[in-house]
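Novice: okay, predicted coordinates and the sequence, questions at the end:
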There are 2 protein chains.
Amino acid sequence: MSIINKAAAIGGGVIGAGWVARLLLNGIDVSIFDPDPEASRKVSEVMKGARRAYKQMVPGGLPKEGKLTFAKTIAEAVADADFIQESVPERLDLKHRVLAEIDAHAPANAIVGSSTSGIKPTDMQVAMKKHPERLVVGHPFNPVYLLPLVEIVGGDQTFPEAIEVAKEIYASIGMKPVVIRKEIEAFVGDRLLEAAWREALWLIKDGICTVEELDDIMRYGFGLRWAQMGMFQVYRVAGGEAGMRHFMAQFGPCLKWPWTKLMDVPEFNDELVDLIATQSDDQAHGLSIRELEKIRDDNLVAIMDALSKQNKGKGWGAGALHKDYTKQLAKLAAKKPAASTAAEKAKASKPVKKAEKPKKKKKG
Amino acid sequence: MSIINKAAAIGGGVIGAGWVARLLLNGIDVSIFDPDPEASRKVSEVMKGARRAYKQMVPGGLPKEGKLTFAKTIAEAVADADFIQESVPERLDLKHRVLAEIDAHAPANAIVGSSTSGIKPTDMQVAMKKHPERLVVGHPFNPVYLLPLVEIVGGDQTFPEAIEVAKEIYASIGMKPVVIRKEIEAFVGDRLLEAAWREALWLIKDGICTVEELDDIMRYGFGLRWAQMGMFQVYRVAGGEAGMRHFMAQFGPCLKWPWTKLMDVPEFNDELVDLIATQSDDQAHGLSIRELEKIRDDNLVAIMDALSKQNKGKGWGAGALHKDYTKQLAKLAAKKPAASTAAEKAKASKPVKKAEKPKKKKKG
């Protein structure tokens, strides 16, 4: 069950709304702040999709949804939250302003997670004058309500206890926290995505393939491997009886071949944007974003469900986690509502214990 | 049903044996040449794994397997083949020797596919003195008997008809042929893999994460997206209502951020190989290569099967293909064996028609 009593979401775009959906569907109350007048509509659209996906995951009935409140200010949103997730646009000045305000008004023991996909926590927490030690990056992957991965990154001032509590918080809502060992820009997932993306742009720009052909090469090929084993384990197996060392020795030298474009950045101009946007329109074959979103979500649920039955019934990778998560949701759904508001209140005032007595971060 | 009567496999390593398995399980006779004295044992190991996976795919019973013959020479292996797949190690001099011999002894209308993952067909076909026009790259992905993707690449001398026939041949054994529009080294799939691999090596070398953590970041995160939609379609959806142009505008400029390591090649020394091999041992958690291979195959079958039921029952991506392929195998299994050897012989002498009268390649 979740260890969060009340969460706050700052920012309600695709990522922020995804967090809101995951939290609400776990029965957690959320207070959201987003200055966009369309925020309510956008969040409810995402919520609709998430609800649909979760109904497939837990056919016996979902837990009672948490309550969503739209706050007028950041101060109001975070006032009584024990977990705050920031998902505002990727500009350092904006992150500074928002985090300073969160820090000024949030309870002292609340954990602050940032959804940034690239900015170092050290560069962000300087704006937090009261408790910079409770900031972690909690970088999720879209759709946040379905994909389990969250990369956790601490900055220079982050206490190890904050990372531990963040891990527990994210795991309690069905996620797979992976703590990044050293702080670098873009962390791990986006480094890999960026490398592939840059190469993909070259391939499209040079007319080697279309975006549809490139996607087909992924989804009929190595994408099916990465969904369940990742890259290194797959190569270990591919090395066959000779093993990983053999594989490395065989393919290592290729790295030095003069595929120079791999190292270069394509010019990101209107022509390239047009080319890709047009090919992407073709690829959609008339399906709207909403239709594609449903297909994507159905596929994700189906893949995780399929993997949950593998490995002699124990589940494998995201499937093993999916098995536990859906079980947890079903259990939560079966629970009777709390008897009194007094009990609720007593619970709500209980602080996140481990964050209370932070020790100084050890230097690794 | 397949349009191949008799196939030849030159090279019986992980890839070559994977081709043999796919062909035999489609009821096609294969003659293989591999000078390795262990070849027979290695191929039968792969065959065992492939048979196991196919039994899950077609629970009603598999088609009668093709006959496997070990030839003593390339000449003997290709003598009466109408489709020849070359899967020897990635050295141009070796490819030249092998392709020259294949070309000298294969029937004039046989199609020659090369499993090379990086060498341009133009650079290989110069060694074929008789019929260089029938060489295509048919680059598969491991495990060849399960992953549907095959990248088809023609060289300067390749006739368009050879590409068409190759497409039909690969499709007839359940694969997804994607024709690469311009010939470049490493084609498309391996360009993307190489970019991600190089970045991954940096992340491991610099101690940002372990190989297990990196794999988890893939398989609990974007790997689940790529298995079903690939990269561009996923970003189209992520762009939300604002669409692809918005997504591109938002993330395009990140390409210029000074993540300099993205552009560089890590030194591939013993220390790095040791680090990765050791971490890979840890990651396996005591599972042998054979056990991991079974898990991988079970997962692949389960994912494709799950996707075959999506999209209102029509199947999606590799799942739609999987649906057709398993249906085709079941139909083939239900077929009665041919009545006479005379009929078999008559069938065997029928040439691959479209390759008989090749026209000159049009310049695009």
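Specialist: Nice, thanks for sending it over. Residues are numbered from 1 along each chain as shown, chains lettered A, B, ... in the order given.
Novice: would you map the helices across the stretch 51-200 of chain A?
Specialist: A:74-78, A:92-105, A:121-125, A:160-172, A:189-205 (DSSP state H, counting those that start in this stretch).
Novice: would you list these in CSV and tack on distance to A:Ile4, mean neighbour count and mean pLDDT?
Specialist: Heads up, the C-betas are built off the backbone N, CA and C, glycines and all. Formatted as CSV, these follow (distance: least, CB to CB, whole Å; neighbours: other CB atoms under 10 Å in any protein chain shown; pLDDT from 0 to 100):
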stretch, distance to A:Ile4, mean neighbour count, mean pLDDT
helix A:74-78, 13, 22, 98
helix A:92-105, 16, 18, 98
helix A:121-125, 20, 21, 98
helix A:160-172, 6, 21, 98
helix A:189-205, 24, 22, 88
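Novice: can you say which of these is nearest to A:Met248?
Specialist: helix A:189-205 (18.3 Å; CB to CB).
Novice: run the chain-centre distance for that closest one.
Specialist: Relative to its chain's centre, helix A:189-205 lies at 20 Å (CA atoms, centre = their mean, to the nearest Å).
Novice: so where's the stretch 201-350 of chain A uncertain?
Specialist: Scanning the stretch 201-350 of chain A for pLDDT under 70 picks out A:240-242, A:250-266, A:268, A:336-350.
Novice: which parts of it are helices?
Specialist: A:211-217, A:223-226, A:230-238, A:243-251, A:270-283, A:289-308, A:318-334, A:341-348.
Novice: so what's A:Ile295 up against?
Specialist: A:287, B:310-311, B:316 (CB atoms under 8 Å, 6 or more residues apart in numbering or on different chains).
Novice: so which of those wins on neighbours?
Specialist: B:Trp316 (24 neighbours; other CB atoms under 10 Å in any protein chain shown).
Novice: measure that residue to B:Asp93 for me?
Specialist: 44 Å (CB to CB, to the nearest Å).
Novice: gap between A:Asn5 and A:Ile163?
Specialist: The value you get for A:Asn5 to A:Ile163, if CB to CB is used, is 20 Å.
Novice: A:Glu212: which of the helices of the stretch 51-200 of chain A is closest?
Specialist: helix A:189-205 (10.4 Å).
Novice: send me that closest one as PDB with only the CA atoms.
Specialist: Coordinates of each C-alpha in helix A:189-205 appear next as PDB, following Å, rounded to 0.1, in the frame of the first residue of the first chain:
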ATOM      1  CA  GLY A 189      17.300   6.500 -20.200                       C
ATOM      2  CA  ASP A 190      17.500   9.800 -22.100                       C
ATOM      3  CA  ARG A 191      21.100   9.400 -22.900                       C
ATOM      4  CA  LEU A 192      20.200   6.200 -24.700                       C
ATOM      5  CA  LEU A 193      17.100   7.700 -26.200                       C
ATOM      6  CA  GLU A 194      19.100  10.700 -27.300                       C
ATOM      7  CA  ALA A 195      21.700   8.600 -29.000                       C
ATOM      8  CA  ALA A 196      19.200   6.600 -30.900                       C
ATOM      9  CA  TRP A 197      17.100   9.700 -31.700                       C
ATOM     10  CA  ARG A 198      20.000  11.600 -33.200                       C
ATOM     11  CA  GLU A 199      21.000   8.600 -35.300                       C
ATOM     12  CA  ALA A 200      17.300   8.200 -36.400                       C
ATOM     13  CA  LEU A 201      17.200  11.900 -37.500                       C
ATOM     14  CA  TRP A 202      20.200  11.300 -39.800                       C
ATOM     15  CA  LEU A 203      18.600   8.200 -41.300                       C
ATOM     16  CA  ILE A 204      15.400  10.100 -42.100                       C
ATOM     17  CA  LYS A 205      17.200  13.200 -43.300                       C
END
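Novice: now check that helix, is it near chain B?
Specialist: Yes: using CB under 8 Å from any CB of the partner chain, helix A:189-205 comes into contact with chain B via A:189, A:191-203.
Novice: what helices and strands are in contact with that helix?
Specialist: On a contact count with 3 or more CB pairs under 8 Å, 6 or more residues apart in numbering or on different chains; DSSP states H and E, helix A:189-205 meets helix A:211-217, helix A:270-283, helix B:189-205, helix B:211-217.
Novice: is stretch A:139-150 positioned near chain B?
Specialist: Yes: residues of stretch A:139-150 contacting chain B under CB under 8 Å from any CB: A:141-142, A:147-149.
Novice: would you turn those into a markdown table with pLDDT, neighbour count and distance to A:Leu329?
Specialist: Shown next, in a markdown table, are these (pLDDT from 0 to 100; neighbours: other CB atoms under 10 Å in any protein chain shown; distance: CB to CB, whole Å):
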| residue | pLDDT | neighbour count | distance to A:Leu329 |
| --- | --- | --- | --- |
| A:Phe141 | 96 | 25 | 20 |
| A:Asn142 | 94 | 20 | 21 |
| A:Leu147 | 96 | 23 | 16 |
| A:Pro148 | 97 | 25 | 13 |
| A:Leu149 | 97 | 25 | 18 |
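Novice: which of the contacts of A:Ile295 lies closest to A:Glu168?
Specialist: For the contacts of A:Ile295, the nearest to A:Glu168 is B:Gln310 (33.9 Å; CB to CB).
Novice: and that closest one, how far from B:Ala79?
Specialist: B:Gln310 is 45 Å from B:Ala79, by CB to CB.
Novice: check A:Cys209 too.
Specialist: For A:Cys209 relative to B:Ala79 (CB to CB), the value is 36 Å.
Novice: tell me who's in contact with A:Leu192.
Specialist: Contacts of A:Leu192 (CB under 8 Å, 6+ apart): B:196, B:199-200, B:203, B:214, B:217-218, B:222.
Novice: got the residues of the stretch 51-200 of chain A near chain B?
Specialist: So far as CB under 8 Å from any CB goes, the stretch 51-200 of chain A lies against chain B at A:118, A:141-142, A:147-149, A:151, A:176, A:178, A:180-182, A:184-186, A:188-189, A:191-200.
Novice: how long is stretch A:127-138 from one end to the other?
Specialist: From its first residue to its last, stretch A:127-138 covers 18 Å (CA to CA, to the nearest Å).
Novice: and that stretch, how far from the chain's centre?
Specialist: 19 Å.
Novice: what's the answer for stretch A:160-177, then?
Specialist: On CA atoms, centre = their mean, the centre of stretch A:160-177 falls 12 Å from that of its chain.
Novice: could I get it in CSV with only the CA atoms?
Specialist: Extracted in CSV, the C-alpha atoms of stretch A:160-177 (Å, rounded to 0.1, in the frame of the first residue of the first chain):
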residue,chain,number,x,y,z
PRO,A,160,20.6,9.5,1.2
GLU,A,161,17.5,9.2,3.3
ALA,A,162,15.5,11.3,0.9
ILE,A,163,16.5,8.9,-1.9
GLU,A,164,15.4,5.9,0.3
VAL,A,165,12.1,7.5,1.0
ALA,A,166,11.6,8.4,-2.6
LYS,A,167,12.3,4.8,-3.6
GLU,A,168,9.6,3.6,-1.2
ILE,A,169,7.1,6.2,-2.3
TYR,A,170,7.5,5.4,-6.0
ALA,A,171,7.6,1.6,-5.4
SER,A,172,4.4,2.0,-3.3
ILE,A,173,2.5,3.2,-6.4
GLY,A,174,3.7,0.3,-8.6
MET,A,175,6.8,1.7,-10.0
LYS,A,176,10.4,0.4,-10.6
PRO,A,177,12.8,2.9,-9.1
